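> Have a look at this fold, sequence not included:
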């Protein structure tokens, strides 16, 4: 069931609780308001908010809420603050936490909000108000909405408004609002159905039938609309039957599908409509079809009485008597099975059986949520008669609570395993820290960063002197420096020789060589100075990095024990919370099961009483038949 | 007398049964309405207890989630890779393979539900891990169906500097309208 369908079912059923055709075989209870229709922001500006939406759009509301609360606490969604608050409130609502959700919506509205957020918060409050029966409050919230709501919310708001008006008995206003509503087909059809049913029941049947007829003759576009159409025809058929108008009732009931959730009741009604039109033979057609179906269904049970009634009308008293006898024995057998079911439910564990036997209908077993609902009762001894209960709001709410409690139990078990792993991890870190400590201290003791920095400063001072004096020899390579020293020594040696041409020639040669070397050194000076500067820059970077690393190592050394101790204390605190929660979850699950068992037993006893009444009617009819046969007065 | 009685019986039976059929259905409706409006006090108490328990469980999960993240992925070394889809009409995503410094760290196969969530604006936290400070390389390889239903495999890479503090990287699949081709971008978040 998609979100749109679920919403509509909710809206339909909220109104259809007034329906003549009862809670409905679809058995959906009205789920509480949801956040699924919150539109996403145009552009994700905080990745963590996008991560929340990723889970939210997969209907994984619990995971979405947990991530949302973490991101809010860590202030990771500054650009989506209002939307995140609204989403959080909606998620609490989707998970069945109405009180928390209401508080959050109200707190949101007390602050300064963008109009769109404000309107949506009012809308959800209106939904909760309607759901909880606070109609005046719901109406006030609806009146506080200023602009049209985005997307599908707007038609839903109008449907909600119509539903609130109907629930307040303001049918004329509801009808007026519907008549003015011409732009949204599907939603308006749901509203028309609800209003039609309400009018039939409130004393304006002609107007109600008109609306139901309109919905019952819709050109359908899908299963959802087909079900609505069936439902309208069923309600219309029974209304007409009640008003002794069998012919149009036949027409309406004939429009109900033969393989839908409302088929059994439609077949039953169709038979009565034919019988009321004095066509018992034709009445037998739907009734004989119906009696072949599962006797668990109330309509089928009733058909066991209807079939002999039709035979009697046709003066086929032998067949009538036979069918009455069959009915009496079928009712007795069914009553015995009901007793077995009641005993099984009283033994306990029936909710687990219901949930375990219906995994396909239950959706993901680990996803908590208020949209989950059991559509079909599994065919087990203690569950096969619970089908009518599925239409009950109280039972569905309790079942969802119980299911959520089972999910909570598994959630706690999973985290319990994780916490043990965290504990071991922290212990391992503490042990590693104890081993690393002495080695680290030794390393730190052998690291003389200050000495290195003093050496760097000395080099920098020498560079300054070189630059000031443009000392080209200072930047010479070792080979050049050796050559320079050799030439200086040679010069000094030549100076000590006796004067003469030979000495002069040697001096001149040394001078030329010195000049050549000086020229080479001067030519290379600029490049060498630049390289030296870059090298000094790298040295400075390396020293700074080393200083930072040292600081981090020292800091880590100081923080590690504190961090591990902090984590260990958090683990202990969380373990305590889990330990306290577990028995409370068990106790709540037990209380919920006892409550639902009492509802189930009450329902089964009512079914048994009804069977008893049917059996009495069958026996009475049978006795009359025998009586008539004995007196020879049977026609 | 008896004859009329016999004749009368089915009529009375009809009325009875019609009445009973309507009674069942109308009574069911009335019960449903009453239940929706006001549940039994015991049900209310259990419901309130369950609501309170659920709230405590949400808080507990929030704190456990934080503890897990801070313990396993401390901010100083944390790196998170997210995946987002913007429009995405030219590419139907099947899977993503993620490599960090040549080592495969994630290989994710998408379900239809997840792809739909991405298309609606959700952003998947594809990978959460730890990296040392310094330069690193991230390579993402996307596979799926490209234009005209053809198998499509494309990669995108990013060299990035991991400093002290959490690092967020976003992979984004967008539509390049001019060439009617998908585009795979990677972006660092501060």
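Cool, got the structure. Just so we're clear, the structure is a prediction, and the values are computed from it rather than from any experiment.
> What is the burial count for the residue in chain A that chain B sits nearest to?
Chain A approaches chain B most closely through residue A:50 (2.5 Å), counting by Cβ to the nearest Cβ. The C-beta positions use only the backbone N, C-alpha and C, and glycine is treated the same way. Residues near residue A:50, counting by other Cβ atoms under 10 Å in any protein chain shown, number 25.
> what helix or strand does residue B:160 sit in?
strand B:151-162 (DSSP states H and E).
> just checking, what packs against that strand?
strand B:134-145, strand B:167-176, strand B:181-189 (3 or more Cβ pairs under 8 Å, 6 or more residues apart in numbering or on different chains; DSSP states H and E).
> Check what contacts the second one and list those residues.
Taking Cβ atoms under 8 Å, 6 or more residues apart in numbering or on different chains as the criterion, the residues outside strand B:167-176 that touch it are A:47, B:78-91, B:93, B:96, B:123, B:126, B:131, B:138, B:140, B:142, B:156, B:158, B:160, B:182-189.
> could you give the angle of it to strand B:151-162?
150 degrees (axes from the mean of the first three to the mean of the last three Cα atoms, to 10 degrees).
> Could I get the buried residue list for strand B:167-176?
For strand B:167-176, the neighbour count (16 or more other Cβ atoms under 10 Å in any protein chain shown) marks B:167-175 as buried.
> for the first one, same thing?
For strand B:134-145, the neighbour count (16+ other Cβ under 10 Å) marks B:136, B:138-144 as buried.
> quick revisit: now, among the buried residues of strand B:167-176, which is nearest to residue A:535?
Comparing those against residue A:535 with Cβ to Cβ places residue B:167 closest, at 31.9 Å.
> beta partners for that closest one?
With DSSP bridges as the criterion, residue B:167 is bridged to residue B:79.
> where's it relative to chain A, distance?
Per Cβ to the nearest Cβ, to the nearest Å, residue B:167 is found 12 Å from chain A.
> In terms of residue numbering, what are the domains of the chain?
The chain I'm using is chain A. A:3-283, A:417-631 (automatic domain parsing).
> meant chain B actually
B:2-71, B:75-189.
> Out of those, which gets the lowest mean score?
Lowest mean pLDDT within the domains of chain B: domain B:2-71, a mean of 62.
> so how far is the helix or strand encompassing residue A:490 off the chain centroid?
Assigned by DSSP H and E, residue A:490 belongs to helix A:478-495. Helix A:478-495 sits 89 Å away from the centroid of its parent chain (Cα atoms, centre = their mean, to the nearest Å).
> what about the closest residue to residue A:472 other than its chain neighbours, neighbour count?
The shortest distance from residue A:472 to any non-neighbouring residue, by Cβ to Cβ, 6 or more residues apart in numbering or on different chains, is to residue A:521 (4.1 Å). By other Cβ under 10 Å, 21 other residues sit near residue A:521.
> do stretch A:144-164 and chain B meet at all?
No: with Cβ under 8 Å from any Cβ of the partner chain as the criterion, chain B is not reached by stretch A:144-164; the gap is at least 11.5 Å.
> which secondary structure elements does the helix or strand harbouring residue A:159 contact?
Secondary structure assignment for residue A:159, by DSSP H and E: helix A:153-167. For helix A:153-167, the packing partners by 3+ Cβ pairs under 8 Å, 6+ apart come out as helix A:3-16, helix A:115-132, helix A:135-143, helix A:171-179, helix A:185-202.
> Next, the angle from it to helix A:115-132.
Using the same axes, to 10 degrees: helix A:153-167 against helix A:115-132 is 30 degrees.
> what's the angle from helix A:153-167 to helix A:171-179?
Here helix A:153-167 runs at an angle of 160 degrees relative to helix A:171-179 (the same axes, to 10 degrees).
> Distance from the chain centre to helix A:153-167, please.
So, by Cα atoms, centre = their mean, the centroid of helix A:153-167 is 24 Å from its chain's centroid.
> ok, residue A:289 - contacts?
With Cβ under 8 Å, 6+ apart, residue A:289 has these contacts: residue A:267.
> hmm, back to that, can you list contacts of whichever strand or helix holds the residue of chain A closest to chain B?
Assessed by DSSP H and E, residue A:50 sits inside helix A:47-56. Contact partners of helix A:47-56, identified using Cβ under 8 Å, 6+ apart, comprise A:35, A:40-41, A:44, A:61, A:63-64, A:67-68, A:71, A:76-77, A:79-80, A:83-84, A:87, A:91, B:80, B:82, B:84, B:114, B:117-118, B:120-125, B:168, B:170, B:189.
> can you tell me which residues contact residue A:320?
Counting by Cβ under 8 Å, 6+ apart, residue A:320 has contacts A:308-309, A:311-312, A:621, A:625.
> I should have written residue A:460 there, sorry.
When contacts are taken as Cβ under 8 Å, 6+ apart, residue A:460 is in contact with residue A:536.
> Would you check that residue A:604 makes contact with residue A:385?
Yes: Residue A:604 is within contact range of residue A:385, at 5.5 Å (criterion: Cβ atoms under 8 Å).
> Common neighbours of these two, please.
A:338, A:341.
> Of all residues in chain B, which one is closest to chain A?
residue B:123 (2.5 Å).
> Which pLDDT value goes with the residue lying closest to that residue once chain neighbours are set aside?
Sequence neighbours aside, residue A:50 is the residue nearest to residue B:123 in space, at 2.5 Å (criterion: Cβ to Cβ, 6+ apart). Looking at residue A:50, its pLDDT reads 95.
> cool, residue A:412 as well?
94.
> And the helices in chain B?
B:2-37, B:41-72, B:112-119 (DSSP state H).
> close to chain A, is the second one?
Read that as helix B:41-72. Yes: residues of helix B:41-72 contacting chain A under Cβ under 8 Å from any Cβ: B:42-43, B:46-51, B:53-71.
> All good on my end, thank you.
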